[in-house]
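1. let me see the structure of the following:
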Amino acid sequence: MDISKKLRIKALQDRLDEHFEHEVLNILSGQAMFEEFSSQQLMGESDYIPFNEAMCVHETTRSIFSDEFNKVRSKGHQVSLSEYASITLAPLENLFSKKYPCIVLWFGEDMFCQMNLITVLAYLEQVAFEGTVYYHAVREQTYDVKETEIILGNYQDIYEAVLCQHRLPDVETIPVMYQGITMYLEWLQKDNDITRYIRDHQNQPEHELIQSLLHLFPHYGLGDTQYIELIKASKNQKK
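-> All right, here's what the predicted structure looks like:
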């Protein structure tokens, strides 16, 4: 991480730590970011946890982190409930059990991260969180950060419209979220930019095809796991 970006992140964090007397929960976009921030010691004295989900794939339910939600999500990811609890739920224990005056969400601007961001914001509304919420938009290649204060109120409606009903929400969203939503709805179509590229390059070795997809479609934010599933689905469809 570039030293100037590290100092920028630490400055943001130190300001919030001082203002909220270190009672800040930082929710980071996945295990990789969690490990990077941990190794760089960027979070000061405040708590930080990873959000290890991929809400842009598989079905979901209206009630977030309910028993039904956990069953549906673990089935979609093809893991047991205990595995889902270990990977996704256990790291979120502070979110479930502690009260904070401030929560900071460190998520990228790509489609993958925006669907996760919507889910966390909807959950905060679901549990009637009354504190301050900041969205720190992170460009994960450069670690540039842009801070936006989030006003809760419409995110359960956005979550249900987009992730449960697969349609545009009836309420206005911040521009980066709207962009992520439109990409998500496009991504749900069987015939989209990614599936067409896979179909046109099926003769390429899988590892090369995955590298090409990661390079060509960074704005979707998908990882190799999602691309492997898509490649397999395309091959099965061809058969």
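
2. every contact and neighbour count from this point should use C-alpha atoms.
-> Noted.

3. run the chain-centre distance for the worst-scoring helix or strand of the chain on mean pLDDT.
-> Using mean pLDDT, DSSP states H and E, helix 3-19 stands out as the lowest-scoring helix or strand of the chain, at a mean of 76. Remark: helix 3-19 is offset 22 Å from the chain centroid, using CA atoms, centre = their mean, to the nearest Å.

4. so what touches it?
-> Residues outside helix 3-19 that contact it (CA atoms under 8 Å, 6 or more residues apart in numbering): 22-24, 40, 42-46, 142-145.

5. each with direction, which strands does the helix or strand following it pair with?
-> Per DSSP states H and E, the first helix or strand lying C-terminal to helix 3-19 is strand 24-28. Using DSSP bridges, the strands paired with strand 24-28 are strand 47-50 (parallel), strand 102-107 (parallel).

6. make TSV from these and add mean neighbour count and mean pLDDT to it.
-> Shown next, in TSV, are the strands paired with strand 24-28 (neighbours: other CA atoms under 10 Å; pLDDT from 0 to 100):
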stretch	mean neighbour count	mean pLDDT
strand 47-50	21	94
strand 102-107	24	95
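
7. for residue 158, which of those strands is the nearest?
-> With CA to CA as the measure, strand 102-107 is the member of those nearest residue 158 (17.2 Å).

8. put the alpha carbons of that closest one into CSV.
-> Once non-C-alpha atoms are left out, strand 102-107 reads as follows in CSV (Å, rounded to 0.1, in the frame of the first residue of the first chain):
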residue,chain,number,x,y,z
CYS,A,102,-20.6,4.9,14.7
ILE,A,103,-20.3,2.2,12.0
VAL,A,104,-17.9,2.7,9.0
LEU,A,105,-18.4,0.6,5.9
TRP,A,106,-15.3,0.0,3.8
PHE,A,107,-16.6,-1.3,0.4
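
9. all the helices of the chain, residue numbers only.
-> Taking DSSP state H as the criterion, the chain carries its helices at 3-19, 30-40, 67-77, 81-84, 93-97, 111-126, 155-159, 175-187, 193-200, 206-216, 224-238.

10. tell me the buried residues in the third one?
-> Taking 16 or more other CA atoms under 10 Å as the basis for neighbour counts, the residues of helix 67-77 that come out buried are 69-74.

11. adding pLDDT, write the residues you listed out as CSV.
-> Formatted as CSV, the buried residues of helix 67-77 follow (pLDDT from 0 to 100):
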residue, pLDDT
69, 98
70, 98
71, 98
72, 98
73, 98
74, 97
